[in-house]
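Student: Turn this into a structure:
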Amino acid sequence: MDAETAQLEAEEAMEKAVSHTVHEFDGVRTGKATPSIAENIDIEVAAYGTRMKLKELAVISAPEPRLLQVSPFDPSTAEDIAKGIRESKLGINPSVDGKIIRLPFPELSEERRIDLVKLVKQMAEEGRVRVRGARRDALDKGKALQKQGAVTEDGYHDLDREIQELTNKFVKQIDDHVASKEADIMTV
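Tutor: The predicted structure follows:
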């Protein structure tokens, strides 16, 4: 391993951290209903004896801005899906209508919007911690390379500077996504 490999591994880990954080943001409800809000809800399916993501069990669509419609692939799982949605962090009470489950999204109160912004900021901080962890790992690898004599002291300082620039870049990306999500949530 050399310094360039350590830097590339750090960059890849940081990209994954940002991607994961943005994916987490998709699960946070804004003023309108989108299928991505519900697709990663874990559902305990008694018929299959396992837990599955909602997107693996049904088609999720948004026929109206404040309504999601869930159409299970197997109609016998409708009650399990409704129960899983009720138990999720969404705070929505689904109504089962034969083979279709409807998820009405009421207007968010100002207090609930503020709580959701806090949740997004907490998720963002977890993402920043992941990015900083990737930085720490890369710098540890750089120090090990320096001890082995594979990297000079100047080479280590160059690596340190480049890793810090990457860290700043990816933390800024997370901050930009937070600002965007916060604007979505606070828009009435």
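Student: Excluding sequence neighbours, find me the nearest residue to the spatially most central residue of the chain.
Tutor: In the chain, the residue lying closest to the centroid (C-alpha atoms, centre = their mean) is Glu24, at 1.6 Å. Distance criterion C-beta to C-beta, 6 or more residues apart in numbering; nearest residue to Glu24, sequence neighbours excluded, is Met123 at 4.8 Å. Backbone N, C-alpha and C define where each C-beta goes, glycine included.
Student: Can you pull the phi and psi angles for the one you found?
Tutor: Backbone geometry at Met123, expressed as degrees, to the nearest 10, gives phi -60, psi -40.
Student: need the strands for the chain, in chain order.
Tutor: 42-45, 50-53, 58-64, 67-72, 95-97, 100-104 (DSSP state E).
Student: who does the fifth one touch, helix- and strand-wise?
Tutor: Taking 3 or more C-beta pairs under 8 Å, 6 or more residues apart in numbering; DSSP states H and E as the contact definition, the neighbouring helices and strands of strand 95-97 are helix 78-87, strand 100-104.
Student: And for that strand, what's in contact with it?
Tutor: Residues from elsewhere that reach strand 95-97 (C-beta atoms under 8 Å, 6 or more residues apart in numbering): 78-79, 82, 101-102, 104.
Student: how far does that strand sit from the chain's center?
Tutor: 28 Å (C-alpha atoms, centre = their mean, to the nearest Å).
Student: What pLDDT does the model give the closest residue to Gln69 other than its chain neighbours?
Tutor: Leaving aside its sequence neighbours, Gln69 sits nearest to Ser61 (C-beta to C-beta, 6+ apart; 5.0 Å). Looking at Ser61, its pLDDT stands at 91.
Student: what number of residues lie near Ser61?
Tutor: 14 (other C-beta atoms under 10 Å).
Student: how close does the residue nearest to Glu24 get to His20?
Tutor: Distance of Met123 to His20, given as C-beta to C-beta, to the nearest Å: 9 Å.
Student: Tell me which of these two has more neighbours.
Tutor: Met123 (22 against 14).
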